[in-house]
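Trainee: After the sequence you'll find the predicted model.
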Amino acid sequence: MSGHVPVMLEEVLATLRPRSGATYLDATFGGGGYAAAILAAAECTLFALDRDPDAIARGAALAARHPGRLHLVHARFGDMLESLASRGVTRLDGVVMDLGVSSFQLDEAERGFSFRADGPLDMRMGRDGPTAADLVNSLPEAELARIIAEFGEERHARRVAKAILRARAESPIMTTARLAEIVRAAVPRDPSGIDGATRSFQALRIAVNDELGEIERGLAAAMELLAPGGRLVVVAFHSLEDRIVKRAFVQAAGRQGGASRHDPAALLARAEPDFALVTPRALRPGEAETGANPRAR
């Protein structure tokens, strides 16, 4: 697990509060950092999901160190209800969801997630479905621009899409290095120092893996599985994830705005919410952590 440093581990454990005899879910096993810490914190049972078969294979050593306590499940977290029900689990005392891409996936050039090392333009967290190369070489210009603007929040999405179409007309775009070169040439230099390819790569990764849809399905499933007193802890990395999580939490806790006092609906009694927010606002990593682990920022 040397390639993976779990983000905000202390805050996650303090919020989850693992206890002996309870059952928890690590919905995104990844490098196993959260799972190892939860198992060490209490004599509990932990189920761990991951859609990446490589992550499940890496977890075998940790499972061997905790016989009968860690159960690895190859599945998307949007499918957690069915995956756990098939194993007789219908209630959980806590769920941790670490969103986004794992350090292992970013660091392995052959997975095609990062523009920092040349590799095949893949980006699939699992091994099924279309790759990023399939999208950039087949989608119409308007659809490419929509994905890059919506999922990458890239202001120059149309310019990027046009550049991709020009390049693929010459030859198919099959590697991360070539795509990054095309994107960088299409966008102005960012004064913040962020690589010009960052937003477009994020957008394609999200589209390839339907990440936002998975988050919505996963949050709904986790809330359904939580036992009374159970806790859901989510680690989000960018504004698109953050908005979905905050909206789901606010709605579940009954914190969304009520009807206007001039609206007859305001006279109706509001149902008591099933959930309460554990922290008043989203927690952020401290300076010491972001200094030691830049991915935590």
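Mentor: That came through fine. Residues are numbered from 1 along each chain as shown.

Trainee: List the contacts of residue 7.
Mentor: Residue 7 sits next to 98, 235, 237, 285, 289, 293, 295, 296 when contact means C-beta atoms under 8 Å, 6 or more residues apart in numbering. Yep, even glycine has a C-beta here, placed from its N, CA and C like the rest.

Trainee: need the residues you listed in a markdown table with secondary structure and pLDDT, can you?
Mentor: Output for those, formatted as a markdown table (DSSP: H, G, I helix; E, B strand; the rest coil; pLDDT from 0 to 100):
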| residue | secondary structure | pLDDT |
| --- | --- | --- |
| 98 | strand | 90 |
| 235 | strand | 92 |
| 237 | coil | 86 |
| 285 | coil | 87 |
| 289 | helix | 84 |
| 293 | coil | 80 |
| 295 | helix | 74 |
| 296 | helix | 76 |
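
Trainee: With neighbour count and distance to residue 226 as new columns, can those be given to me in JSON lines?
Mentor: Formatted as JSON lines, those follow (neighbours: other C-beta atoms under 10 Å; distance: C-beta to C-beta, whole Å):
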{"residue": "98", "neighbour count": "23", "distance to residue 226": "17"}
{"residue": "235", "neighbour count": "23", "distance to residue 226": "17"}
{"residue": "237", "neighbour count": "16", "distance to residue 226": "23"}
{"residue": "285", "neighbour count": "19", "distance to residue 226": "25"}
{"residue": "289", "neighbour count": "18", "distance to residue 226": "28"}
{"residue": "293", "neighbour count": "15", "distance to residue 226": "29"}
{"residue": "295", "neighbour count": "15", "distance to residue 226": "28"}
{"residue": "296", "neighbour count": "19", "distance to residue 226": "26"}
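
Trainee: and which of those is nearest to residue 62?
Mentor: Distance to residue 62 across the contacts of residue 7 (C-beta to C-beta) is lowest for residue 98, with 15.4 Å.

Trainee: Now do the contacts for residue 49.
Mentor: Shown in contact with residue 49 (C-beta under 8 Å, 6+ apart): 25, 26, 27, 28, 29, 73, 74, 75, 76, 77, 80, 83.

Trainee: how about JSON lines for the contacts of residue 7, with distance to residue 7 added?
Mentor: Output for the contacts of residue 7, formatted as JSON lines (distance: C-beta to C-beta, whole Å):
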{"residue": "98", "distance to residue 7": "7"}
{"residue": "235", "distance to residue 7": "6"}
{"residue": "237", "distance to residue 7": "8"}
{"residue": "285", "distance to residue 7": "6"}
{"residue": "289", "distance to residue 7": "8"}
{"residue": "293", "distance to residue 7": "7"}
{"residue": "295", "distance to residue 7": "7"}
{"residue": "296", "distance to residue 7": "5"}
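
Trainee: about what we covered before: taking the contacts of residue 49 one by one, which sit in helices?
Mentor: The helices, defined by DSSP state H, take in 80, 83 from these.

Trainee: What subset of the contacts of residue 49 is buried?
Mentor: Neighbour-count burial (16 or more other C-beta atoms under 10 Å) is assigned, among the contacts of residue 49, to 25, 26, 27, 28, 29, 73, 75, 76, 77, 80, 83.

Trainee: and of the residues you listed, the nearest to residue 139?
Mentor: Each of the buried ones among the contacts of residue 49 was scored against residue 139 by C-beta to C-beta, and residue 76 proved nearest at 22.8 Å.

Trainee: Residue 275 in helix, strand or coil?
Mentor: Assigned with DSSP: H, G, I helix; E, B strand; the rest coil, residue 275 falls in the coil class.

Trainee: Now do the contacts for it.
Mentor: Contacts for residue 275 were tallied using C-beta under 8 Å, 6+ apart; they are 223, 249, 252, 253, 254.
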